[in-house]
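Participant: fold the following, please.
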Amino acid sequence: MNDTRYESGLAKLREIDGAAGEAVIDSLQAIAPDLARYTIEFPFGDIYQRPGLDLKSRELATVSALTALGHCAPQLEVHIHGALNVGVTPEQIVEVIIQMAVYAGFPAALNGMSVAKGVFAERGLLDEGTTP
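Facilitator: Sure thing, here's the model as predicted:
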């Protein structure tokens with residue numbers, strides 16, 4: 001095991017996802033601790049550490065991919081929070097989800113927008129009847 005890789009991945013997870021990311025990892029410890037470790041080491045210890053994209057771009061790409069998949073609402077919720085945590089605006093999140101209607105279809109975009117709406121409401125970023 002590479003503890004440095006794990007520690008740097010855990011630090012990046014905390015930077016991006018905060019308590020929500022740690023809750024995901026904690027939920028895996030009792031049933032699949034290896035999956036928890038892999039989730040920290042590979043995405044956050046390796047991929048998120050690469051210099052080619054800033055964290056805003058990485059989170060927008062992740063929100064796009066999870067929206068397009070259409071069946072990842074819990075992960076999409078965590079990454080919408082993460083995107084907001086690293087400085088992505090609600091308007092940018094809405095636009096990237098709308099963009100997914102073209103490439104992933106309206107059902108995926110509608111489902112993604114529903115998740116975004118819930119996150120925005122939870123964070124006090126959405127007044128009923130208005131757009132972010």
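Participant: going by C-alpha atoms from here, please, whenever you check contacts or count neighbours.
Facilitator: Fine.
Participant: show me how the chain divides into domains.
Facilitator: Domain ranges of the chain: 1-50, 54-132, per automatic domain parsing.
Participant: what's the helix or strand where Ala116 lies packed up against?
Facilitator: Applying DSSP states H and E as the criterion places Ala116 in helix 106-122. Judged by 3 or more C-alpha pairs under 8 Å, 6 or more residues apart in numbering; DSSP states H and E, the packing partners of helix 106-122 are helix 55-69, helix 73-85, helix 90-104.
Participant: in that helix, what counts as buried?
Facilitator: Phe106, Ala108, Ala109, Leu110, Asn111, Gly112, Met113, Val115, Ala116, Lys117, Val119, Phe120 (16 or more other C-alpha atoms under 10 Å).
Participant: right, and the helix or strand after the helix or strand containing Glu7?
Facilitator: According to DSSP H and E, Glu7 maps onto helix 3-29. Going down the chain from helix 3-29, the next helix or strand is helix 33-39, by DSSP H and E.
Participant: who touches that following helix?
Facilitator: Residues outside helix 33-39 that contact it (C-alpha atoms under 8 Å, 6 or more residues apart in numbering): Tyr6, Ile25, Asp26, Leu28, Gln29.
Participant: helix, strand or coil for Leu125?
Facilitator: Under DSSP: H, G, I helix; E, B strand; the rest coil, Leu125 falls in the coil class.
Participant: what about it, how many residues nearby?
Facilitator: 14 (other C-alpha atoms under 10 Å).
Participant: report pLDDT for it.
Facilitator: pLDDT, Leu125: 95.
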